[in-house]
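Asks: got a structure for you, letters missing:
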């Protein structure tokens, strides 16, 4: 039995050497310094300043004090949610409003209406009376708690039709009209891949029926799909869509002053096979969780890559910043004894991709070059 174990480990060692040798070979191609061309220098001189920095504050991250929130111009509570009878006043999001109000004292504050359940959303979109009740109850909460406006986070997956698009347009128009009657603002949160995946949100209509469009520039590579960046900055030959193209697509139908880009400060950890194909749904990790899981400390960075004094504590761990996506990839291995034989080890291969402050800085600089000055972060407590 020991011979079997030794043979198994030798084979695994050979495979790992090849697997991570390929990664290291790729890393050696990355230049140490990225030079700025005259064209880039001219673009930098034409950048607009960041006008507004906001952050989403989820109900599950609430605490009595939070000094980090002082760094933001606007706080967005996430939030309240409907059920089949109206606004659900028996869940944590509703109960957390008083705590959020204390944290947001003296700042502009919005409240998010979370509509993330497909079956419930289809029911609401097909029921005018329920829509009116949800809008009325939302506005009562806004008035009672002196919120400055509402963010509608309406998320729909699956097959789409023109009827569904029309229902969304009508719901948004009704919501916008009622919110504006109360002298408040109404924003829509929209998937960053809206144009790429042809989702049912007609921006030419929705931008007219809102005070702003908040683009969720994250989750392009899904937890149930292939490993990849949160939202790649550029395409090259590796990615089908990218951040730059997303901004171009939205800018064609939404005025730049009405655009806010939301950065997702998190990533996914995929368990993969030898060909880097996912074996199961990836685990979502906040930036703080990634720092703790892999480094046992906060992440230390230079302007281009991780500093050499940062050590990943996992087996055969390789860290690199991808020059195309601008995001960071971690490859690591977990060895575990098989439960049915203590002399044979199982090798689990993992790939992690995540957004961090450095990739956000690059993307924010691009936004400023394009004349977009409003940015937001998902979410408080994640980084």
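Replies: Yep, that arrived. Everything numeric in this text was worked out from a predicted model, so none of it was measured.
Asks: what packs against the longest strand belonging to the chain?
Replies: Assignment by DSSP state E gives strand 341-354 as the longest strand of the chain. Counting contacts by 3 or more Cβ pairs under 8 Å, 6 or more residues apart in numbering; DSSP states H and E, strand 341-354 packs against helix 2-27, strand 266-272, helix 287-295, strand 328-338. Every C-beta, even on glycine, is put in place using the N, C-alpha and C of the backbone.
Asks: Ramachandran coordinates for residue 120?
Replies: phi -70, psi -40 (degrees, to the nearest 10).
Asks: From what I see, it and residue 86 are in contact.
Replies: No: Residue 120 is beyond contact range of residue 86, at 11.8 Å (criterion: Cβ atoms under 8 Å).
Asks: in the protein, which residue is closest to the centre?
Replies: residue 264 (2.8 Å; Cα atoms, centre = their mean).
Asks: Could you pull up the residues touching it?
Replies: 216-219, 230-231, 355, 378 (Cβ atoms under 8 Å, 6 or more residues apart in numbering).
Asks: Contacts only, for the closest residue to it other than its chain neighbours.
Replies: Once flanking residues are discounted, residue 264 sits nearest to residue 218: 2.8 Å by Cβ to Cβ, 6 or more residues apart in numbering. Residue 218 sits next to 192, 230-231, 262-264, 266, 355, 378 when contact means Cβ under 8 Å, 6+ apart.
Asks: Report how many residues lie close to residue 183.
Replies: Here the number of neighbours of residue 183 (other Cβ atoms under 10 Å) works out to 8.
Asks: can you tell me the helix or strand for it?
Replies: Following DSSP states H and E, there is no helix or strand that holds residue 183.
Asks: I'd like to know how far it sits from residue 211.
Replies: Taking Cβ to Cβ, to the nearest Å as the measure, residue 183 and residue 211 are separated by 12 Å.
Asks: Ramachandran coordinates for residue 170?
Replies: Main-chain torsions, residue 170, degrees, to the nearest 10: phi -70, psi -40.
Asks: tally of neighbours for it?
Replies: Counted with other Cβ under 10 Å, residue 170 comes out at 15.
Asks: Do you know the pLDDT at it?
Replies: In this prediction, residue 170 carries a pLDDT score of 98.
Asks: Show me the contacts of residue 218 that map onto strands.
Replies: Those of those mapping onto strands are 262-264, 266, 378, per DSSP E.
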